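K.L.:
Take a look and give me a structure for this.
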Amino acid sequence: MKALPLLLGLAVLAAPALAYAPGGAAYTKRVDTALLANPSPLAQAVGHVGFAQMLAVDEVKGVWLRVRGGQATGWVFAGNVAEQKPSENKGADGLPIEAADTSATAAARPLAPAANDFAQRKNLGQARVDLDWLVQFDGAITPADIRSYMQAHKKGEFQ
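P.N.:
I've put the predicted structure just below:
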């Protein structure tokens, strides 16, 4: 499937520049962050920590951090944490995290005419077509597909 490499490329983020050090702190930026038994994406989870929780950094090993959080100690991929505590009310895009905190009207409205005009002036006229294509293929790629791609191309925690 031709869409797979493009969609996976959109889903995979490069590893962050590490500024973590033993004795420091990191904050979870996933709804559920698994703390792993070993610094490997295939390791067994020994605990889980929720969104925007502080973790104490005990050790740094490449792109992996051995952390303490809640009742568990384990390894986490540095790309799954942040140096600054994320807002517990808003995602990275500034929109509310909880569906109940927004409205169906806001989620369903099309791009405003001003946004379409801007896209045309900046030669971004394909943006609507690209978005329609992305929506069409949403769900076509499974988490297993993403994991396989990341492992094969040594991306993210598979580096």
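K.L.:
going forward, measure contacts and count neighbours with C-alpha atoms only.
P.N.:
Fine.
K.L.:
Which stretches in the chain count as strands?
P.N.:
Assigned by DSSP state E, the chain shows strands spanning 25-28, 32-36, 45-50, 54-61, 64-69, 72-77, 81-82.
K.L.:
Format those as JSON lines; extra columns: mean neighbour count.
P.N.:
As requested, the strands of the chain are exported to JSON lines (neighbours: other CA atoms under 10 Å):
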{"stretch": "strand 25-28", "mean neighbour count": "23"}
{"stretch": "strand 32-36", "mean neighbour count": "21"}
{"stretch": "strand 45-50", "mean neighbour count": "18"}
{"stretch": "strand 54-61", "mean neighbour count": "19"}
{"stretch": "strand 64-69", "mean neighbour count": "23"}
{"stretch": "strand 72-77", "mean neighbour count": "23"}
{"stretch": "strand 81-82", "mean neighbour count": "22"}
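K.L.:
is it possible to export these to CSV including distance to Gln126 and mean pLDDT?
P.N.:
Shown next, in CSV, are the strands of the chain (distance: least, CA to CA, whole Å; pLDDT from 0 to 100):
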stretch, distance to Gln126, mean pLDDT
strand 25-28, 35, 94
strand 32-36, 35, 93
strand 45-50, 38, 93
strand 54-61, 41, 95
strand 64-69, 38, 94
strand 72-77, 35, 94
strand 81-82, 33, 93
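K.L.:
Figure out which of those strands is closest to Gln151.
P.N.:
When these are compared by CA to CA, strand 72-77 sits nearest Gln151, at 14.0 Å.
K.L.:
for that closest one, packing partners?
P.N.:
For strand 72-77, the packing partners by 3 or more CA pairs under 8 Å, 6 or more residues apart in numbering; DSSP states H and E come out as strand 32-36, strand 45-50, strand 64-69.
K.L.:
Now do the first one against strand 45-50, angle only.
P.N.:
Going by axes from the mean of the first three to the mean of the last three CA atoms, to 10 degrees, strand 32-36 is angled at 150 degrees with respect to strand 45-50.
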